[in-house]
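Build me a model from this:
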Amino acid sequence: MCLNQATHEPETTGTTAFPAYLNVAAENLGQGAPVVVRVRGDAADLAQEMASAMLSEIQEVQRQGRAATLIVPVGPVDQYPRLVQMINQQRIDCRQVMFINMDEYLTETDEWLAPEHPLSFRGYMERSFYQRLRPELAPAPENRVFPKPENPAEIGRIIAARGGVDACFGGIGINGHIAFNEPPEAPDRFSVAAFAALPTRVLDLTRETRTINSHTVGGEISLIPRRAITVGMREILAARRLRFYCNRPWQSAVVRRVLHGPITPLCPASLLRLHRDAMLTVTDFVAAPPDIRLR
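Next up, the predicted model:
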């Protein structure tokens, strides 16, 4: 990675204060950026694409005579039922495949939410993925990894023991975060290189993240935890391949900032442009420019 990029304010269009990158047409999305951009229909098409990419990664690494190590999200989520179906139908042995989930909500005392909690990412993965796989094909329990708030550094040691991460899959948040790597409140404290070096850690979630995530609870932001643990930028950017997916209408502006705005800790996903093998797949409605007007 090249990390000597300077941060700067986005350019504005002629008579407005809107950033110029918001005007990038769908057919020009990603043009001039090192990130490969693909447009894949609607949300269902994107989910199938993501599931197929995850399975292809597992199979390609198996052909190399080893088991894949993947960093994976809870969100987007619709790929998991499709991935379960493909693994079960094709009888793909995933017992030695390691799935490292990139984040988890925490209680006010910095403990994992109980897996029975409706917002627990660990609970979701067990119910919607691991328990639906044929037992003889499912990853071994020790290969179902979440970062631990009491031992964040364990993730780095696990990755090193596995010889690195083959691919990191994920989405992009409203403020450009990847995993729960939030933009710093005091950006002057972080150069791009320093932000890229942040490890797995416990942190506060921003109000923007908690607000957009409250759609899962009918908009009741008070139900969204204030604390989380996240796999760090360091571990994500060290993955051999980065594969990110956007399927929400509000991501139309975000992906333009990621691809065509400044490379800055203020938009963590903009650092994807420093990686040698990064791909961003979006739905057709995310690829369309944002419709900025009063309604």
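
use CA for all of it now, contacts and neighbours both
Noted.

got the residue ranges for the helices in the stretch 151-295 of the chain?
Using DSSP state H, counting those that start in this stretch, the helices assigned to the stretch 151-295 of the chain run over residues 154-161, 192-196, 207-213, 233-237, 251-260, 284-287.

I'd like to know how far the residue positioned nearest the centre of the chain sits from residue 152.
When the chain is reduced to its mean C-alpha position, the closest residue under Cα atoms, centre = their mean turns out to be residue 170, at 2.5 Å. For residue 170, the distance to residue 152 equals 20 Å [Cα to Cα, to the nearest Å].

for residue 36, same thing?
Noted for residue 36: a distance of 31 Å to residue 152, by Cα to Cα.

Repeat that for residue 33.
Between residue 33 and residue 152 the distance is 33 Å, computed by Cα to Cα.

These two: which is more packed in?
More neighbours surround residue 152 than the other of residue 33 and residue 152, with 19 against 14 (other Cα atoms under 10 Å).

Report pLDDT for residue 294.
The predicted local distance difference test score for residue 294 is 75.

Dihedrals phi and psi, it?
As for residue 294, its main-chain torsions (degrees, to the nearest 10) stand at phi -70, psi 140.

Show me the strands in the protein, by range?
The residue ranges that make up the strands of the chain, judged by DSSP state E, are 36-39, 69-72, 98-101, 103-106, 144-145, 167-170, 201-204, 227-230, 241-246, 278-282.

Adding distance to residue 255, write those out as TSV.
Listed next are those as TSV, based on distance: least, Cα to Cα, whole Å:
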stretch	distance to residue 255
strand 36-39	10
strand 69-72	19
strand 98-101	23
strand 103-106	21
strand 144-145	29
strand 167-170	13
strand 201-204	24
strand 227-230	21
strand 241-246	8
strand 278-282	9
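
Any idea which of these gets closest to residue 29?
Of all the strands of the chain, strand 36-39 sits nearest to residue 29, with 7.1 Å by Cα to Cα.

ok, and what's touching the closest one?
Under the contact criterion Cα atoms under 8 Å, 6 or more residues apart in numbering, strand 36-39 has outside partners 29-30, 278-284, 287.

Would you pull up how far that strand lies from the middle of the chain?
A distance of 16 Å separates the C-alpha centroid of strand 36-39 from that of its chain, computed with Cα atoms, centre = their mean, to the nearest Å.

again with stretch 44-59
With Cα atoms, centre = their mean as the basis, the distance from the averaged C-alpha position of stretch 44-59 to the chain average is 15 Å.

Let's test this: mean pLDDT of that stretch, rounded?
Mean pLDDT, computed over stretch 44-59, is 97.

got the buried residues for that stretch?
For stretch 44-59, the buried set under the neighbour-count rule, 16 or more other Cα atoms under 10 Å, comprises 45-55, 57-59.

So which of the contacts of strand 36-39 wins on neighbours?
Of those, residue 287 is surrounded by the most neighbours, 28 neighbours in total, counting by other Cα under 10 Å.

Measure how buried residue 78 is and give me the count.
Using other Cα under 10 Å, residue 78 has 17 other residues around it.

Isn't it up against residue 47?
Yes - the pair formed by residue 78 and residue 47 meets the contact definition of Cα atoms under 8 Å, at 5.5 Å.

who touches residue 48 in this structure?
79, 82.
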